[in-house]
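> could you look at this predicted model? Sequence included:
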Amino acid sequence: MNKKNWGENIIIGNNVRIGNDVIIKHNCIIEDDVVIGEGTYIDSNTIIRSNTSIGDKCNIGSNCIVGEYWMDFYKEHKKQEHVLTIGNHSLIRSGSIIYAGSEIGNNFQTGHQVTIREKSKIGNNVSIGTLSDIQGNCTIGNYVRLHSNVHIGQLSKIDDYVWIFPYVILTNDPTPPSENFVGVHVNSFAIIATGSIVMPGLEIGQDCLVGAGAIVTKSVKPYEVAVGNPAKGISDVRRIKNKITGEPVYPWRNHFGTYMPWEETTFNEWYDSLDIEDKFKII
């Protein structure tokens, strides 16, 4: 444990394991039973709560709380044994709060002031934008991109390669207020455009496009374009053409690869290189 790059007023709890080349800035609190991987940077005024494990070469901004308490803490002000794991090469920007009891994969990234509640399971290469709110008991796959100010209600399930744009809300209570929550399921490669609201328990189909500002009250079929209030299917995404070139725009994976595993090649070449089992996981 090399402290030469550490700031002032740092508090380290019991049974803490800190890797090599870790930088911890001023006024940080590292509670008991924490693991911090090699080469990780923790900025000033951040709290890492007990039973948190942070991977190698992560960056955690200032004024974050990582491993935040559940409600059970506040009954007797005693820490509970809820474990949080965050994968390697993750970037958590300033002001973010991540609750204990979640599992987050590698190459995770947040914007500023993101909240992620307990019992969330998030895959690899996921980005969650500034001021977004992920409620508890959510499942988010791999290579998912959530933009700013997105609200994901409890029990939502988002599969791999999904794009959700700013101010989208996935709801979960069919008869509010109640305790009969049912989450939205967004299937792989779907796109939900800016300002849309999706009602509880709906299926958002693979490769579909939910247009900006849509109020989705019925499930959307695979490859369907759904727009309006209430949203209605008006086309198949494969009919949409680029206005300049006249070429098909969708499925988007055939024309866009930024942030995706096929970024350096094409989707088809990348897909053909996969094992049979991996192919079945995608389509």
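It's in. Treat the numbers as computed from the prediction; the structure is a model and nothing was measured.
> what stretches of the stretch 1-150 of the chain score poorly on pLDDT?
1-2, 4 (pLDDT under 70).
> for it, what spans make up the helices?
Taking DSSP state H, counting those that start in this stretch as the test, the helices found in the stretch 1-150 of the chain are 73-76.
> hey, what's Ile158 bridged with?
Ile140, Val186 (DSSP bridges).
> so how far is Ile97 from it?
20 Å (Cβ to Cβ, to the nearest Å). Heads up, the C-betas are built off the backbone N, CA and C, glycines and all.
> who's more crowded, the two?
Ile158 (28 against 19; other Cβ atoms under 10 Å).
> what kind of secondary structure is Arg238 in?
Of the three states, Arg238 takes helix under DSSP: H, G, I helix; E, B strand; the rest coil.
> pretty sure it sits against Pro251.
Yes: between Arg238 and Pro251 there is a contact at 7.1 Å, judged by Cβ atoms under 8 Å.
> overlap of the contact sets of these two?
Common contact partners of Arg238 and Pro251 (Cβ atoms under 8 Å, 6 or more residues apart in numbering): Tyr223.
> looking at these two, which is more packed in?
More crowded of Arg238 and Pro251, by other Cβ under 10 Å: Pro251, with 17 against 14.
> the closest residue to the more buried one other than its chain neighbours: neighbour count?
In this structure, Pro251 finds its nearest non-sequential neighbour in Asp207, 5.1 Å apart by Cβ to Cβ, 6 or more residues apart in numbering. Asp207 has 22 neighbouring residues, counting by other Cβ under 10 Å.
> contacting residues around Asp207?
Going by Cβ under 8 Å, 6+ apart, the list of residues near Asp207 reads 187-190, 222-223, 237, 250-251.
> same check, this time on Ser235
Neighbour list for Ser235: 224-225 [criterion: Cβ under 8 Å, 6+ apart].
> what are the phi and psi angles of it?
phi -170, psi 180 (degrees, to the nearest 10).
> what pLDDT does it get?
Listed pLDDT for Ser235 reads 97.
> relative to Leu209, how far out is it?
9 Å.
> what do these two both touch?
224-225.
> helix, strand or coil for the residue nearest to Pro251?
State at Asp207, reduced to three classes by three-state DSSP: coil.
> any idea how far Gly61 is from it?
35 Å.
> ditto for Ser50
For Ser50, the distance to Gly61 - Cβ to Cβ - is 21 Å.
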